[in-house]
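Student: here are the coordinates; sequence isn't available:
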């Protein structure tokens, strides 16, 4: 969607993963202002909301409106999370550029989360793929799947790596354009990250998707370094690590976009993102959610003396 | 010093680097209790204090007493930081197992810190080496040098990588047993870490020392992953990330021992450290420094379900 050349795609998930973890709702106009701020900082891709039942997540009730506004912003790819066929229909109606369908590797997590087996969730991806075929020639939404609990499950514990890779193949067969791996639980470690993404690439090649890491145990950027080692080039992150629980100091949610972008640029990897503009967008979060806990380091420490972008 | 087999040596610097960054002094008996707790958690190496002028750092005035008590604890290697010949004399008198001499790669930092040029600091290492030769056959203290500001300087900005490597060679010639690299300023990035440690090893071989990272910009564990990639096996860290400034939320000091050990063990790298016992030792810090800000993630998030040590 953008003319900027980038070595790494940073995909901002704060407006979805961050906001859905916070009980209060950010006003719709603030969400849109925030997304505009992120876009003008150079974020190439933004997951702006989730098409789920407003009874379950009232914070996401305005998703169609947010998608509609976000797709008007030039230069960004707009994603929405959809848990099922109904959500996909809503996302397609709203003309989201891409949808993100999470499919859990853990049966227990899948049942607890969406009351469906993993195999049923794969069938849903096939149905969503069939649905998109019905759309007219001027709209080709992408279908990205993130395998959640790919690195371990809080209910089941360790998850078989063979099974994660097999599931990725099933998802490609079902019609996913890309399949990434999500450390939903913050269980992942760098050695495991290297193993799994290496196997993912060797099994599904160009359809291997990005990495979605949480920083629950402080391992987020370490896992990014490991993923970079095996050629991963797309990373989800959340501005200010939004979604961390304010009752557990340090128990942050997603990896922090600001710290991630600093790391990548310092390493010589172009992201197309301006760190100062990105930091400036933090104030919009607080205008919509006064007093919310924000995380990250670079906004306090500042950029190193003599710092140069890649 | 220990019979436990370890893939990685975690060298605890909290009682030195952590405590010297905090204005208040921890009572001597609490320091010793804390060091005992760290030792019983399995930490193989502990930097227990700094032989500096008590006018400059009154928190370290009891260093000789702490070293004496720590060297009575079985199974640990006791280190003390010394800035100069006088400090080394005091450390040798106290029978510290090893000393750690920081030598800055940045002239500006060296002048500001110890009012000596880098070359003069190298000469000090040679003097300290000569001093240790005078000791009797039953005491062979190790001399470790950490090159501070190796990844950049808050005064000078970027530091020449060629110069850092040349300095490491000079330090080996001066008599250092090992030369490690310190990211004093939290400027380092994983790509730079890989480059520098790779060169260090190829230039000084078995005398290449460990990595000392600060987490100022959230890059600490990412830098550890990068260093592991090029064979570094010794890492400094501080329990609870002690030394972070309470006035800058998130601006932590050293990398957090708890999170580091969790990462290493999860990766399958034996540290010999019991994470639960380590976490238990945090309470001693608070008994000596009530209300002090403690950092880290693992102590809040807990170990993953089904977690196994390496």
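Tutor: Done, it's in. Here the structure is a predicted model, which means the values were calculated and not measured.
Student: which bits of the stretch 51-200 of chain A sit near chain B?
Tutor: A:152-158, A:185-187, A:189-192 (Cβ under 8 Å from any Cβ of the partner chain). All C-beta spots, glycine's among them, are computed from the backbone N, C-alpha and C.
Student: can you lay out those as JSON lines showing pLDDT, distance to residue B:80 and secondary structure?
Tutor: Below are those laid out as JSON lines (pLDDT from 0 to 100; distance: Cβ to Cβ, whole Å; DSSP: H, G, I helix; E, B strand; the rest coil):
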{"residue": "A:152", "pLDDT": "95", "distance to residue B:80": "41", "secondary structure": "coil"}
{"residue": "A:153", "pLDDT": "93", "distance to residue B:80": "45", "secondary structure": "strand"}
{"residue": "A:154", "pLDDT": "90", "distance to residue B:80": "43", "secondary structure": "coil"}
{"residue": "A:155", "pLDDT": "91", "distance to residue B:80": "48", "secondary structure": "coil"}
{"residue": "A:156", "pLDDT": "92", "distance to residue B:80": "47", "secondary structure": "coil"}
{"residue": "A:157", "pLDDT": "94", "distance to residue B:80": "43", "secondary structure": "strand"}
{"residue": "A:158", "pLDDT": "96", "distance to residue B:80": "42", "secondary structure": "coil"}
{"residue": "A:185", "pLDDT": "90", "distance to residue B:80": "41", "secondary structure": "coil"}
{"residue": "A:186", "pLDDT": "93", "distance to residue B:80": "37", "secondary structure": "coil"}
{"residue": "A:187", "pLDDT": "94", "distance to residue B:80": "38", "secondary structure": "coil"}
{"residue": "A:189", "pLDDT": "98", "distance to residue B:80": "33", "secondary structure": "coil"}
{"residue": "A:190", "pLDDT": "98", "distance to residue B:80": "32", "secondary structure": "helix"}
{"residue": "A:191", "pLDDT": "98", "distance to residue B:80": "34", "secondary structure": "helix"}
{"residue": "A:192", "pLDDT": "98", "distance to residue B:80": "38", "secondary structure": "helix"}
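Student: buried subset of those as a PyMOL selection?
Tutor: Command for PyMOL, covering only those of those found buried under the criterion 16 or more other Cβ atoms under 10 Å in any protein chain shown:
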select buried, chain A and resi 152+153+154+156+158+185+186+187+189+190+191+192
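Student: quick check, nearest of the residues of the stretch 51-200 of chain A next to chain B to residue B:13?
Tutor: residue A:190 (22.4 Å; Cβ to Cβ).
Student: the closest one against residue A:226, yeah?
Tutor: Yes. Using Cβ atoms under 8 Å, residue A:190 is in contact with residue A:226, at 3.5 Å.
Student: identify the contacts common to those two.
Tutor: Common neighbours of residue A:190 and residue A:226, counting by Cβ atoms under 8 Å, 6 or more residues apart in numbering or on different chains, are residue B:225.
Student: pull the contacting residues for residue A:296.
Tutor: Residue A:296 makes contacts with A:240-241, A:256, A:258-259, B:218, B:250, as judged by Cβ under 8 Å, 6+ apart.
Student: to clarify, my last question referred to residue A:178.
Tutor: A:142, A:144-145, A:207-210.
Student: quick check: closest non-adjacent residue to it.
Tutor: Distances taken as Cβ to Cβ, 6 or more residues apart in numbering or on different chains put residue A:209 closest to residue A:178, at 3.7 Å, once the chain neighbours are dropped.
Student: name the helix or strand for that neighbour, please.
Tutor: strand A:208-213 (DSSP states H and E).
Student: sheet partners, orientation included, of that strand?
Tutor: Sheet pairing of strand A:208-213 (DSSP bridges) gives strand A:178-183 (parallel), strand A:234-237 (parallel).
Student: quick check: residue A:61 vs chain B, distance?
Tutor: 30 Å (Cβ to the nearest Cβ, to the nearest Å).
Student: check residue A:283 too.
Tutor: For residue A:283 relative to chain B (Cβ to the nearest Cβ), the value is 16 Å.
Student: am I right that that residue sits in a helix?
Tutor: Yes. According to DSSP: H, G, I helix; E, B strand; the rest coil, residue A:283 belongs to a helix.
Student: residues contacting the helix or strand just after the strand holding residue A:209, please?
Tutor: Moving toward the C-terminus from strand A:208-213, the next helix or strand (DSSP H and E) is helix A:220-229. Outside helix A:220-229, the residues that touch it by Cβ under 8 Å, 6+ apart are A:8, A:183, A:186, A:188-191, A:193-194, A:197, A:211, A:213-215, A:235, A:252, A:254-256, A:259-260, A:263, A:267, A:269, B:190, B:218-219, B:221-222, B:224-226, B:229, B:263.
Student: which positions in stretch A:110-130 come out as buried?
Tutor: Going by 16+ other Cβ under 10 Å, stretch A:110-130 has these buried residues: A:110, A:113-114, A:116, A:118, A:121-122, A:124-126, A:128-129.
Student: stretch A:228-236 too?
Tutor: Applying 16+ other Cβ under 10 Å to stretch A:228-236 flags A:228-230, A:232, A:234-236 as buried.
Student: closest one of the contacts of residue A:296 to residue B:37?
Tutor: residue B:250 (26.1 Å).
Student: look up the closest residue to the residue in the stretch 101-250 of chain A that chain B sits nearest to, ignoring the ones flanking it.
Tutor: Of all residues in the stretch 101-250 of chain A, residue A:157 sits closest to chain B, at 3.0 Å by Cβ to the nearest Cβ. Of all residues not flanking residue A:157 in the chain, residue B:306 sits nearest, at 3.0 Å (Cβ to Cβ, 6+ apart).
Student: tell me which residues are up against the helix or strand of chain A with the lowest mean pLDDT.
Tutor: Least confident helix or strand, chain A: helix A:107-114 with a mean of 89, by mean pLDDT, DSSP states H and E. Residues outside helix A:107-114 that contact it (Cβ under 8 Å, 6+ apart): A:83-84, A:103-104, A:116-118, A:121, A:148-149, A:153-156, A:184.
Student: list the contacts for residue A:167?
Tutor: The neighbours of residue A:167, taking Cβ under 8 Å, 6+ apart as the test, are A:103, A:105, A:118, A:122, A:147.
Student: how far is stretch A:290-302 from where the chain is centred?
Tutor: 20 Å (Cα atoms, centre = their mean, to the nearest Å).
Student: for stretch A:208-225, that is, sorry about that
Tutor: 11 Å.
Student: stretch A:73-84 too?
Tutor: On Cα atoms, centre = their mean, the centre of stretch A:73-84 falls 10 Å from that of its chain.
Student: contacts for the helix or strand containing residue A:91, please.
Tutor: In this assignment (DSSP H and E), residue A:91 forms part of helix A:85-93. Helix A:85-93 is contacted from outside by A:50-52, A:63-64, A:67, A:80-82, A:99, A:101, A:124, A:127-128, A:131-132, A:135, A:139, A:141, using Cβ under 8 Å, 6+ apart.
Student: follow the chain on from it and name the next helix or strand.
Tutor: Counting by DSSP H and E, the next helix or strand C-terminal to helix A:85-93 is strand A:98-104.
Student: and the angle for that next one with helix A:85-93?
Tutor: Using axes from the mean of the first three to the mean of the last three Cα atoms, to 10 degrees, the direction of strand A:98-104 lies 160 degrees away from that of helix A:85-93.
Student: which helices and strands does strand A:98-104 pack with?
Tutor: strand A:77-81, helix A:85-93, helix A:107-114, helix A:118-133, strand A:142-148 (3 or more Cβ pairs under 8 Å, 6 or more residues apart in numbering or on different chains; DSSP states H and E).
Student: comparing these, which gets the lowest mean pLDDT score?
Tutor: Among these, helix A:107-114 carries the lowest mean pLDDT, at a mean of 89.
Student: just the buried positions in the helix holding residue A:91, please.
Tutor: A:85, A:87-88, A:90-92.
Student: any idea how many residues pack against residue A:6?
Tutor: Other residues near residue A:6 come to 18 when the count uses other Cβ atoms under 10 Å in any protein chain shown.
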